[in-house]
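>>> My questions are about this predicted structure, shown below with the sequence.
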Amino acid sequence: MIEEYIPAGYPNRVSRAYLHEILHITDREIRSQIADAGERGVLIVSADGGYFQRESAADDPYIEAYIALERKRFTSQSHKLKLLRHAMQEVNPDYDRQQVPGQMRFEW
């Protein structure tokens, strides 16, 4: 499991390049495994070019900054998707009713 290679504590953070070097997997696979670890409840934080796990309260400001950054990304992406949806509806009024084979349908 990738969390075994990601140390505790902000000062000990490791880069994706380091993880690639020791695990011999692609950058995409590293990110996927980190996401999977998060799904399992493992807290892995990205800060200042590296990954780390929480060691103590001293890491909390970095974790809070990470949460704020992810929240901002989420808000930005949600806004972009809303704009795209509205643009598609202008050129195709039936856009919301169309189904793409093999794709999930999200209700707006």
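All right, it came through fine.
>>> okay, which residue is most central for the protein?
Geometric centre of the chain, nearest residue: Ala35, 6.7 Å, by C-alpha atoms, centre = their mean.
>>> Tell me the helix or strand right after the helix or strand hosting it.
Under the criterion of DSSP states H and E, Ala35 resides in helix 27-39. Note on helix 27-39: by DSSP H and E, the next helix or strand toward the C-terminus is strand 44-47.
>>> mind checking pLDDT for the residue nearest to the centre of the chain?
Looking at Ala35, its pLDDT reads 95.
>>> ok, back up a step: now do the helix holding Ala35: everything it contacts.
Applying C-beta atoms under 8 Å, 6 or more residues apart in numbering, the external contacts of helix 27-39 come out as Met1, Ile2, Glu3, Ile6, Arg16, Leu19, His20, Leu23, Ile25, Ile44, Tyr51. Just so you know, the C-beta spots here come from the backbone N, C-alpha and C atoms, and that holds for glycine as well.
>>> OK, contacts around the fifth one?
Under the criterion of C-beta under 8 Å, 6+ apart, the neighbours of Arg16 are Asp27, Ile30, Arg31, Tyr51.
>>> Distance check, it against Gly49.
In this view, Arg16 and Gly49 are 9 Å apart by C-beta to C-beta, to the nearest Å.
>>> ok, back up a step: centre of the chain to the helix holding Ala35, how far?
9 Å (C-alpha atoms, centre = their mean, to the nearest Å).
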